[in-house]
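Participant: any chance you can model this:
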Amino acid sequence: MSSAVKTKNSSSKGGFLEKLQLRRNIGIMAHIDAGKTTVTERILFLSDKIHRTGEVHEGKATMDFLEEEQKRGITIQSAATSVDWKNHEINIIDTPGHVDFTAEVERALRVLDGAVAVFDAVQGVEAQSETVWRQADRYGVPRICMINKMDRVGADFERSVQTIVDRLGANPVPIQFPVGSEKDFNGIVDLVSMKMYEFDEESTGRAFKEVPIPEAIREEVDLHRHALCESAAELDEELLDLFVEDKEIPEEKLRAALRRGTLNMEITPVLCGSALKDKGVRFLLDAVIDYLPSPADVPDIEGKDPKTDETVTRKPDPEEPMCLMAFKTVAEPTGDLTFVRVYSGVLRKGTRVLNPRTRKYERIGRLVRIHANKREAVEEVVAGDIAATLGLKNTATGDTLCDENAPILLSEIQFPESVISMSIEPKSSQDRDKLTEIIGRMMREDPTFRAQTNEETGDLVISGMGELHLEVVVHRIMGDYNCEVVTGRPKVAYKQCLRKTKEVECRYVRQSGGRGQFAVISVRFGTGETEDGIYQFTNSIKGGAVPREYIPAVEAGIKEGVLGGGPAGFPFVNVTAELYDGKSHEVDSSELAFHAAGVQAFRDACEGNSVILEPIMKIEVRTPEEFLGSVVGDLNSRRGEVSAVEAHGDQRIVRGLVPIAEMFAYTSALRGATQGRGSFAMELQEYRPAPKNVAEKVLKGEL
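Facilitator: Sure, this is the predicted structure:
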């Protein structure tokens, strides 16, 4: 990434702050096929990071370097790079657009200061656009927008901007106006400077020239400029006075007000262009510098003191105690490559750091800057920067690493739950250990990929975010790691909850000569919102009916039962357990006895008292109008609930909810129903009780 900033060159805080203000840490995010990777590719070319552009559809994009990415023409994992632009250092993370790989977006946004949201000028806001926008909202990440593909048939800048209002509830403020659209898109008017730039078609847009604004569009441009000034005036009293008095607003003051509004997330500047033809990307880079925050502009990072649980903060200052977050892991044969964001202090090669989650120490080996799959060794990384380190042994995604003398624990990254699973085994029994090692590596890399052994069947079961997610995993196991495997049919990751409140008295008494086992507990089980969404234990024992030293064993036993899934084997959610009475024996009681009683108490509580929950997906299907009836009818046959149908040109957008159990192989079905012209996106919406007939099939193992 960006060249290291040496503390010896920053002798004063003022000098360091000046350098910090010249850095941007941004992500490129959008729906699949909106053009994120192409935008990043053009940024690399314009900044002289690469000297020849590679195209996504040809499998030659710099940032899509995995074999699976090149074959499929999509981004699967986030890739990092950095560029220099007008004396600024810009660290960039290109993120995936497919919902199955949304964890990559989640962990990138957790550590980035700003983001560029890319939208297709024909489609506007699409399903995954909403998902990544909500993720950015959750982490308070300021954004600018680019309406891309303005040269496509059906491109409509104003309609696309309106979808940002309608579907995202945002406040988009166009700072550019496109001159022409579709094949006639040949220029941009900068509404801040009121200058027009015309692209040179012969150089596919890389060259441009400043020209007068044509009279034919002058009135429309003036209207957009007026709207821009009105939006800025709402952010600044001085500008408001000028606006009310109908006076000209100076460009510098207008730009400063727009920057403040963007940093405070009151507005979102909107630009336009066509990345494939190199049109508008240089102006996007200028906007990144003008409107997105530097590390000095974002609030100080907050965390907890792991010893006292008190809130502590760290400033982006090299003189502060060191604090960084590991936000991505790439498992390699020679050791893990761990991407880190340094929030404070200076991370130097050879430093010993504390991981407050594991309470273990790590030694920083090699430090490197990343450009896609290339690396550049450095000696240190300072506050506000992003880099990677090799060889960490006990650090996982989301872990904090800090100065051992000033510990701090940052909030963890929250990842979505897996909704689909399948069994997997090696073709050759000799590869069993190899497969276990490979899956361990992949789980370190991807927090949404999980694996466990089914205790009843002995099968190894892998779980992920969708069919494509698991398909890519299996292809990587066979291709990247050269391990042939056989997989079972994909299955839904069902869950359970208790049907109603139930009081249970469990007696665990084992006496057969000598010291026995004695534990009696009375527990009230129910269902309700819990902090972790799984389990909440309350101790209501009075008068020492159960000795204090045995209560943790009861809690651990109940939790083991909850996670074990009872007779059906599906994990329970939102279980509440209140221990309110019990008995003990002076000689025969033990932690082991009360633990066993806890396990048995939950088994008794869920017997005949559990409900199977199935994952319900939010779906968006895009189809030509003539196939609308077939698409809606097919969704209804899959137990789908269609909530809305919108017209978008000659396209129809169908939105609704559908159980994921009914959506296996839907890609082929939709392709057949729409002659290959339909597309869809899904994401997890909620878990709902499964209908009785479905639950019966699940329990019989038929689903």
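
Participant: tell me who's in contact with the spatially closest residue to Q536 that is not a sequence neighbour.
Facilitator: Counting by Cβ to Cβ, 6 or more residues apart in numbering, Q536 lies nearest to T530, which is 4.0 Å off, once chain neighbours are set aside. The C-beta positions use only the backbone N, C-alpha and C, and glycine is treated the same way. Applying Cβ atoms under 8 Å, 6 or more residues apart in numbering to T530 gives the contacts Q536, N574, V575, T576.

Participant: distance check, T530 against V472.
Facilitator: For T530, the distance to V472 (Cβ to Cβ, to the nearest Å) stands at 33 Å.

Participant: now swap in Y481 and tell me
Facilitator: As for Y481, its distance to V472 is 13 Å (criterion: Cβ to Cβ).

Participant: these two: which is more packed in?
Facilitator: Neighbours per residue (other Cβ atoms under 10 Å) separate Y481 from V472, with V472 holding more: 25 against 16.

Participant: averaged pLDDT, the helix or strand containing that one. What do you get?
Facilitator: Assigned by DSSP states H and E, V472 belongs to helix 467-479. Helix 467-479 shows a mean pLDDT of 88.

Participant: do the same with stretch 592-609
Facilitator: Averaging pLDDT along stretch 592-609 gives 92.

Participant: gap between that stretch and the chain center?
Facilitator: Here stretch 592-609 is found 37 Å from its chain centre; the criterion is Cα atoms, centre = their mean, to the nearest Å.

Participant: in that stretch, which residues are buried?
Facilitator: 593-602, 604-606, 609 (16 or more other Cβ atoms under 10 Å).

Participant: verify the stated contact: V645 with V631.
Facilitator: No. Applying Cβ atoms under 8 Å as the test, V645 and V631 come out as separate, 9.4 Å apart.

Participant: neighbour count winner among the two?
Facilitator: Between V645 and V631, counted using other Cβ under 10 Å, the more crowded position is V631 (23 against 15).

Participant: what about the more buried one, which helix or strand?
Facilitator: Using DSSP H and E, V631 falls in helix 628-637.

Participant: what residues sit buried inside that helix?
Facilitator: By neighbour count, with 16+ other Cβ under 10 Å as the criterion, the buried positions of helix 628-637 are L628, S630, V631, V632, D634, L635.

Participant: and the longest strand for the chain?
Facilitator: Counting residues, the longest strand in the chain under DSSP state E turns out to be strand 610-624.

Participant: name every strand pairing with that strand and say which way it goes.
Facilitator: Paired neighbours of strand 610-624 in the sheet (DSSP bridges): strand 495-498 (antiparallel), strand 651-659 (antiparallel), strand 679-689 (antiparallel).

Participant: can you tell me which of those is packed in deepest?
Facilitator: Among the strands paired with strand 610-624, strand 495-498 has the highest mean neighbour count (mean count of other Cβ atoms under 10 Å), at a mean of 22.

Participant: what's the following helix or strand after the lowest-mean-pLDDT helix or strand in the chain?
Facilitator: For the chain, using mean pLDDT, DSSP states H and E, the weakest element among its helices and strands is helix 67-72, scoring a mean of 58. Per DSSP H and E, helix 67-72 leads on to strand 79-85 as the next helix or strand towards the C-terminus.

Participant: show me what that following strand is packed up against.
Facilitator: Under the contact definition 3 or more Cβ pairs under 8 Å, 6 or more residues apart in numbering; DSSP states H and E, strand 79-85 sits against helix 36-46, strand 88-94, helix 281-291, strand 366-371.

Participant: check the offset of it from the chain's centre.
Facilitator: 20 Å.

Participant: likewise stretch 267-274?
Facilitator: With Cα atoms, centre = their mean, you get 22 Å for stretch 267-274.

Participant: oh, and call the first residue 781 from now on, that's how I've got it
Facilitator: Right, with 781 as the first residue, what we last looked at is stretch 1047-1054.
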